[in-house]
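Q: Give me a model of this one.
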Amino acid sequence: MSSCERETNLSAKKGIIDVRNAELKDGRICRLNGEWEFYFGELLEPSDFKNKNKILKKNYIHVPNSWTNQKKYHNYPEYGYATYRLTIMTNDTLKPVLIDNKRIFTSCKIWLNGMLLQEIGKVSKTSSEYTPDLKLLLSQPVYLKKKNELIIQVSNYVDRKAGIISSVRVGDYNSFYSHKINEFILMISVLSIIFIIGLYHFIMFLFIKTDYSYLVFSILALFFIILGLVGTDTLLKNILSPSFNTITRYFHSIVSLYPTFIFLFFYLLFKSEVNKKLLIISSVISGLLLIFSLIFPIHIVREYVFIKVLFILIVSLYFIFYSLPKSILKKRQGAKWAYIGMLLLFLTNINDILFTLDLLKTRYLAVYGFLAYIIFQSMNIAERFSFSYKKNRNLTEELRIQNKELQKAKIRAENADKLKSAFLANMSHEIRTPMNAIIGFSDLLANDKVDKDKRKRLTSYIVNSGNSLLQLINDIIDVSKIEADQIEINKSECSINKLFEELELTYSEKEDSDFFRNTKLRFVKKYTDNLKLITDEIRLKQVLINLIDNALKFTENGIVEVICELSENKQFVLFSVKDTGIGMTEEQKEIIFQRFIKLENEAQKLYRGAGLGLSISESIIRLLGGKIWVESELNKGTTFYFTIPYKNDKAE
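A: Here you go, the predicted model:
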């Protein structure tokens, strides 16, 4: 929008401004800046200037500026009353124009060519009859003459500034009207966005009541809406028509509180980077400033506004230069958005402070700073919410997997419990059988009439039953040690040739017993030299005996082969125990190494045992660094394989 104030020769001189060379059309607006006639301590009307008998003491003052800040002309007191007068020379007399002003402190009465245009507040020579108001000056459409007289009366008894603070403007009616409507729509849009965002976060708090950052954020949005309504120079003030006292109380109360709510908001988001003691101090200061703003007279509240300004600056600087940068460095979720929003709010606040002090010729921008702050803090919260959502989703998935695993573990535990119960029942039977044999044969042996041969057989039965009982007890002890991770592995050099010789000798002594029935046992060595390992020989022998006994037990007629060979890469030794017995089904192969499992189909009930040997063997092989597996076909036989590392260090 072009404006004639860009032409330096249009500045008012000695109370006269000549705009005849600047037509007030095509959207042009002229600022009536420069030297105005000034009559301090007098409230003059148009008739007073026409009265030739009235003696007027003419002075000059620069507009726009407070009359308390006129070093070039005179230093006037802040409280009092005065009259401004300007003569406007123009050729634009055919089109209606408007006259406006955004800030006249703090009540005024305006005439143009003797016609009263507007009165804002109540102008008076005494503070008791005076009524302050900060509505905008916006005249009805008027037609200018070639020579125009503009008179403005001003009274002030409440503010440190006084008089015409911003430019009086005159311009094309359509341009002014369009500009004001656009400004009004923009302000309503900004405040509506802040309201919607604030309402959304309040609703979020209602659903997530444990996160108070949503509630504090919605309160901040409400504060910013109130400040936007009462603290900016817009047409909203004229539409809402709040009283001067209402505006002042609301404005200063909110200004007292919102720095602490910002402090609280960031504390809830970044607790480790925001000092809690400073939050408490800030809350105390806000409380004191709020009491001051509500109780003290309006003119005192406005006079000491610099305290609130200082408070806002200190809080802003703390977050801009310390707390939020620290959060960014620690990569806190949403910290960068929080910093950008806070920085923009700080810059717009600085602008408004300097504008209020007449050190900048801009406009009030705080409401846009509020909007930027709200938007970026929403992004901050959204990023944190997104992170929490993803984290919760991952945790939910992990919990689902864990619950699934726990369910499986529960089933396994229940099955294990059932197996243990069955095992205990079976174990009592297995223990009772050799014990009954020992007791029964011992009773028979005690009879003096038993001959020597029968005594020898009874003794043999007792020894065999005792060995069976001892083996059962040893298995139980091994199972207990395995479950408690207390089984001991003592590695040393082990010769496979010697081991096989010992096994052959052990089983050769049993060949004539019922244990072998019609089964042949063979040991096969598929290696050339004497093979030696670094392993636990006792435990290795225990595994082989378990597997051989198992093979003999389930093979009534056939062959059991024990084979040892060295792998091609010489990394491990492969043992296998092969039988031609009853074999196993696929289901039985799946569970054969589980603890307390004993094959119990109808065809296998004749075979005794506690069902511990294979489980113990699997645990021992694992502790020796190898692995064990089975291959079997029902009614054709079974082969158990296991490996032992060949290159092993005794120190392991």
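
Q: so what's residue 289 closest to, chain neighbours aside?
A: residue 256 (3.6 Å; CB to CB, 6 or more residues apart in numbering). Bear in mind the C-beta positions are built from the backbone N, C-alpha and C, glycine included.

Q: tell me the strands in the stretch 301-450 of the chain, going along the chain?
A: Under the criterion DSSP state E, counting those that start in this stretch, the stretch 301-450 of the chain contains no strands.

Q: Please name the residues that touch the residue positioned nearest the centre of the chain.
A: Centroid-nearest residue in the chain, with CA atoms, centre = their mean: residue 384, separated by 3.7 Å. Listed by CB atoms under 8 Å, 6 or more residues apart in numbering, the contact partners of residue 384 are 269, 333, 334.

Q: and these, which are buried?
A: 269, 333, 334 (16 or more other CB atoms under 10 Å).

Q: okay, the residues you listed in JSON lines with pLDDT and distance to residue 194 next?
A: Shown next, in JSON lines, are these (pLDDT from 0 to 100; distance: CB to CB, whole Å):
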{"residue": "269", "pLDDT": "87", "distance to residue 194": "19"}
{"residue": "333", "pLDDT": "83", "distance to residue 194": "23"}
{"residue": "334", "pLDDT": "85", "distance to residue 194": "19"}
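
Q: quick one: which of the residues you listed sit in helices?
A: Members of the buried ones among the contacts of residue 384 lying in helices (criterion: DSSP state H): residue 269.

Q: Reformat the buried ones among the contacts of residue 384 as a markdown table; add distance to residue 308.
A: Formatted as a markdown table, these follow (distance: CB to CB, whole Å):
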| residue | distance to residue 308 |
| --- | --- |
| 269 | 24 |
| 333 | 32 |
| 334 | 28 |
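
Q: Test for you: state the pLDDT assigned to the residue located most distally from the centre of the chain.
A: Most distant residue from the mean C-alpha position of the chain: residue 449, 91.4 Å away (CA atoms, centre = their mean). For residue 449, the pLDDT comes out at 70.

Q: now do the one 4 residues further on
A: pLDDT, residue 453: 75.

Q: who's the nearest residue to residue 148 once chain neighbours are set aside bridged to?
A: Leaving aside its chain neighbours, residue 148 sits nearest to residue 88 (4.2 Å; criterion: CB to CB, 6+ apart). For residue 88, the beta-bridge partners are residue 17, residue 148 (DSSP bridges).

Q: Enumerate every residue touching residue 88.
A: Residue 88 is in contact with 17, 19, 32, 144, 147, 148, 149, 150, 170, counting by CB under 8 Å, 6+ apart.

Q: can you list the domain ranges for the chain.
A: 4-172, 178-393, 487-645 (automatic domain parsing).

Q: Next, the distance between the ends of the shortest one.
A: In terms of CA to CA, to the nearest Å, the two terminal residues of domain 487-645 are separated by 19 Å.

Q: From residue 295, how far out is the residue lying closest to residue 127 once chain neighbours are set aside?
A: Of all residues not flanking residue 127 in the chain, residue 157 sits nearest, at 4.0 Å (CB to CB, 6+ apart). Taking CB to CB, to the nearest Å as the measure, residue 157 falls 19 Å from residue 295.

Q: Between these two, tell me which one has more neighbours.
A: Neighbours were counted for residue 157 and for residue 295 using other CB atoms under 10 Å; residue 157 has more, 20 against 9.

Q: what stretches of the chain score poorly on pLDDT?
A: Along the chain, segments meeting pLDDT under 70 span 1-9, 23-27, 231-242, 356-358, 416, 419-420, 422-430, 512-517, 595-611, 647-652.

Q: residues near residue 140, how many?
A: Number of residues near residue 140 (other CB under 10 Å) recorded here: 11.

Q: which residues sit in contact with it?
A: Contacts for residue 140 (CB under 8 Å, 6+ apart) come out as 98, 117.

Q: what about the helices in the stretch 451-600 of the chain?
A: In the stretch 451-600 of the chain, the helices defined using DSSP state H, counting those that start in this stretch lie at 452-483, 496-508, 537-553, 586-591.

Q: Could you single out the most deeply buried of those?
A: Of these, the one with the most neighbours on average (mean count of other CB atoms under 10 Å) is helix 537-553, at a mean of 20.

Q: For it, which helices and strands make contact with it?
A: strand 492-495, helix 496-508, strand 518-526, strand 557-566, strand 572-579, helix 613-623, strand 637-645 (3 or more CB pairs under 8 Å, 6 or more residues apart in numbering; DSSP states H and E).

Q: between these, which gets nearest to residue 388?
A: Residue 388 lies closest, by CB to CB, to one member of these: helix 613-623, at 42.8 Å.

Q: Contacts for the closest one, please.
A: Under CB under 8 Å, 6+ apart, the answer for helix 613-623 is 475, 478-479, 482, 487, 489, 539, 542-543, 546-547, 549-550, 592-597, 627-628, 642-644.

Q: change it to 6 Å
A: Helix 613-623 is contacted from outside by 478, 482, 489, 539, 543, 546, 550, 592, 593, 595, 628, 642, using CB atoms under 6 Å, 6 or more residues apart in numbering.

Q: again with stretch 352-363
A: Taking contacts as CB under 6 Å, 6+ apart, the residues outside stretch 352-363 that touch it are 309, 351, 364, 366.
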